[in-house]
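Below: sequence and its predicted model.
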Amino acid sequence: MNDTKVQWHPGFVAAMNLELAQNRADLIFEKEYNLNTKPLEIDLLVVKKNASVDIANEIGKLFRGHNIMEYKSPEDHLDIDDFYKTGAYASLYKSYGETVDEIKADDVTVTIMREARPDGLFQYLAGHGYATSNPYKGIYYIEGRVLFPTQIVVTRELDEESHIWLKALSERLEKSDIQSLLEGVNRLTEKVDKELADSVLEVSIGANKRIVEELIGDDSMCQALMEIMEPVIQLRDQENVEKGLKKGIRLTIDTLREFGHGDAEIKEAIMRKYDISEEEVEGYL
């Protein structure tokens, strides 16, 4: 386990965008969709612009018009209460239409995703009247007593080539997995895809520091990794510079005020020292 907490959910949202890239123009992605108050939050809501569109990725074969997705990180459990909670989120979402029955029950689906197979949950479902089918590798449809079409996706069991992005959200990657991930990133040509892949890669690196440290000794792999991560590093550097500038401006303003200077004098001094506009200075006063 890593010392720092890995932020899995941004990686999950990016991975699903990449998984469903063939149908991205047909879908609306709403991450951390608020149902009501902050705790009632859907990890990802995927809405079809046209309900009749068929999704190419097998995870989306179950999809209808409104699709509630719950992601469980490798650190999280998935038990019967989580199963019911996600169904409850879907029920609340269905009930929040602007008019009565605006969102039809048969137009809502539930997807729960986790890296490891939740054997305890499957045993509970089998013993309480639910049926389970396995139409695709790593994808299980739960049938019987569910309010909405429901699937559980076990990312560890998904096909490696078809689901490289979701499978990258793991603390158990090997060198070959990182290499496949880097190759997958290099194959991308669209700017939006590269940015999404960077989000996935950042999570994977944070969760698998031991493997990344080993790759530093491999010149070719290290070079590939640095080339891919360079835009992310540059963005962070820019953000740090901007934070430092804002901190410096605030410190200067506070110091000038302590020595009795008025806002007019401070404004002129800040504009001259930091070469920023009058409107920008006013944001600090």
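Received it, and whenever you're ready, just let me know what you need.

So what's the residue count around residue 267?
Residue 267: 18 surrounding residues under other Cβ atoms under 10 Å. Glycine gets a C-beta too; all of them are placed from N, C-alpha and C.

Equivalent analysis for residue 139, please.
Neighbours around residue 139, by other Cβ under 10 Å: 21.

Then residue 260?
7.

ok, it to residue 274 distance?
Remark: distance between residue 260 and residue 274 (Cβ to Cβ, to the nearest Å) = 21 Å.

shouldn't residue 76 be in contact with residue 114?
Yes. Counting by Cβ atoms under 8 Å, residue 76 touches residue 114, with 7.3 Å between them.

Give me the three-state assignment for residue 244.
helix (DSSP: H, G, I helix; E, B strand; the rest coil).

Do you know the pLDDT at it?
With respect to pLDDT, residue 244 has a value of 72.

OK, contacts around residue 196?
14-15, 17-18 (Cβ atoms under 8 Å, 6 or more residues apart in numbering).

Considering those, which possesses the most neighbours?
Counting neighbours by other Cβ under 10 Å, residue 15 comes out on top of the contacts of residue 196 with 27 neighbours.

tell me the pLDDT at the spatially closest residue to it that is not a sequence neighbour?
Nearest residue to residue 15 in three dimensions, chain neighbours excluded: residue 165, at 3.8 Å (Cβ to Cβ, 6 or more residues apart in numbering). On the pLDDT scale, residue 165 is placed at 94.

In contact with residue 165, which residues?
Neighbours of residue 165 in contact, by Cβ under 8 Å, 6+ apart: 14-16, 18-19, 184, 197, 200.

what's the domain layout of this structure?
8-174, 231-282 (automatic domain parsing).

ranking these by burial, who's on top?
domain 8-174 (a mean of 17; mean count of other Cβ atoms under 10 Å).

end-to-end on it?
The straight-line separation of the ends of domain 8-174 (Cα to Cα, to the nearest Å) is 18 Å.

Let's see the helix or strand harbouring residue 84 as CSV, backbone CA atoms only.
Element membership for residue 84, per DSSP states H and E: helix 80-95. Only the C-alpha atoms of helix 80-95 are listed here, as CSV (Å, rounded to 0.1, in the frame of the first residue of the first chain):
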residue,chain,number,x,y,z
ILE,A,80,-24.8,-6.0,-0.5
ASP,A,81,-25.3,-2.6,1.2
ASP,A,82,-23.2,-0.9,-1.6
PHE,A,83,-25.3,-2.8,-4.1
TYR,A,84,-28.5,-1.5,-2.6
LYS,A,85,-27.1,2.0,-2.2
THR,A,86,-26.3,2.3,-5.9
GLY,A,87,-29.8,1.0,-6.7
ALA,A,88,-31.1,3.7,-4.4
TYR,A,89,-29.1,6.4,-6.2
ALA,A,90,-30.6,5.2,-9.5
SER,A,91,-34.1,5.4,-7.9
LEU,A,92,-33.5,8.9,-6.7
TYR,A,93,-32.2,10.0,-10.1
LYS,A,94,-35.3,8.5,-11.7
SER,A,95,-37.6,10.4,-9.3
